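Visitor: Below are the sequence and a predicted model for it; my questions follow.
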Amino acid sequence: MWESWDGDGLAPRVRIVCDERERASGVPQELQNLGVSVEFGQLKLGDYLVSPDTAVERKSVRDFVSSLYDGRLFHQVNDLVRVYHNAFVLVEGDPAEISMISRNPKSYYGAMAALTLTFNVKTLFTPSPADTALALEAMARRLAKGPGEKPTIVYDRPSKSSELHLQQVYLVSALPGVGPSLARRLLERFKTPRGVFTATVPQLAMVPGVGRARAERISRSLTAPFKGVVEESSPRLDEADGTVEER
């Protein structure tokens, strides 16, 4: 379980990693008031880590809607799902504001559908920092795993001086739908990154946590011809029909 223990050795304390930029939000203080052990770090991805393979991006209602329209949110969640097995977007504020802020309700719900169905990201709504803390603490307890497991804190690409096994985990984690925990599982099964990359779909599907659909996605990413990209694309909302398009 991803927990620390109180001094008396009796009650486990949930531990959550918070990005430094979240200090002023009031959420870390609320977490501490709940008895959560809060650790701060300069996170590259997400605002809160509630388990070794679960990250949460927190946004205000206004920032959430604007980031849907300008494509920022899709870039953020795309990076989250590449690294973490579970990715959440937590929206803090009054959901009733969405209808006033959104330029086109149809396009808004189209983007929400894309978040869930295309990126497999879960979305939570909370009314205040205190409720956000309650939600994070509940998630951390629900997602707690075995003793001694360390958080997966992504700061940046491993340096050349990093230990080889960390570089191997990072390499395999770049596969679609594969986070660090699953990357380690794959490496334990196939021994080397090359073994993972050359495994067949049935072999990949037999690894716990992979399954047939994810195995096929991994295989496609490794075997599809590279077509090249002239410029980086980013999703945007098509306000006519509410779908998400690339630009």
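Guide: It's in.

Visitor: which residues does the residue lying closest to P208 once chain neighbours are set aside contact?
Guide: Distances taken as Cβ to Cβ, 6 or more residues apart in numbering put R185 closest to P208, at 6.6 Å, once the chain neighbours are dropped. To be clear about C-beta, it is placed using only N, CA and C from the backbone, and glycine gets the same treatment. Taking Cβ atoms under 8 Å, 6 or more residues apart in numbering, we find R185 in contact with 207-209.

Visitor: of those residues, closest to Y48?
Guide: Comparing these against Y48 with Cβ to Cβ picks out G209 as the nearest, at 22.3 Å.

Visitor: Which of the helices or strands spans the closest one?
Guide: Taking DSSP states H and E as the definition, one finds G209 inside no helix or strand.

Visitor: show me the contacts for it.
Guide: Contacts of G209 (Cβ under 8 Å, 6+ apart): 85, 181-182, 185.

Visitor: for it, phi and psi?
Guide: The phi and psi values for G209, taken as degrees, to the nearest 10, are phi 90, psi -10.

Visitor: how about the residue nearest the centre of the chain, secondary structure?
Guide: Central residue of the chain (Cα atoms, centre = their mean): A87, 3.1 Å from the mean position. Taking DSSP: H, G, I helix; E, B strand; the rest coil as the rule, one finds A87 in the strand state.

Visitor: Who is it paired with across the strands?
Guide: Partner residues in beta bridges with A87, using DSSP bridges, are A55.

Visitor: okay but it is in contact with F119, surely?
Guide: Yes. Taking contacts as Cβ atoms under 8 Å, A87 lies within contact range of F119: 7.5 Å.

Visitor: Strands along the chain, start to end?
Guide: 3-5, 12-19, 37-41, 48-51, 54-60, 86-92, 122-126, 235-238, 243-246 (DSSP state E).

Visitor: and those, which is most packed in?
Guide: Of all those, strand 48-51 has the most neighbours on average by mean count of other Cβ atoms under 10 Å, namely a mean of 27.

Visitor: coming back round to it: what residues do A87 and F119 have in common as contacts?
Guide: Joint contacts of A87 and F119 (Cβ under 8 Å, 6+ apart) are 77, 81.

Visitor: Contact partners for L187?
Guide: 168-169, 172, 193, 196.

Visitor: Can I get those residues in a markdown table including pLDDT and distance to V56?
Guide: Shown next, in a markdown table, are these (pLDDT from 0 to 100; distance: Cβ to Cβ, whole Å):
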| residue | pLDDT | distance to V56 |
| --- | --- | --- |
| Q168 | 83 | 27 |
| V169 | 80 | 22 |
| V172 | 86 | 23 |
| P193 | 91 | 29 |
| V196 | 91 | 28 |
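
Visitor: Which members of the residues you listed occur in helices, if any?
Guide: 168-169, 172, 193, 196 (DSSP state H).

Visitor: Would you map out the domains in the chain?
Guide: What the record gives for the chain is the domain set 3-142, 164-223, from automatic domain parsing.

Visitor: Compute the first-to-last residue distance for the last one.
Guide: Distances were taken as Cα to Cα, to the nearest Å; on that basis the terminal residues of domain 164-223 are 25 Å apart.

Visitor: Please state the offset of that domain from the chain centre?
Guide: 18 Å (Cα atoms, centre = their mean, to the nearest Å).

Visitor: Where does pLDDT dip in this structure?
Guide: 1-12, 145-163, 228-247 (pLDDT under 70).

Visitor: rerun at 80
Guide: 1-13, 82, 99, 102-108, 118, 144-167, 170, 179-181, 226-247 (pLDDT under 80).

Visitor: Many thanks, we can stop here.
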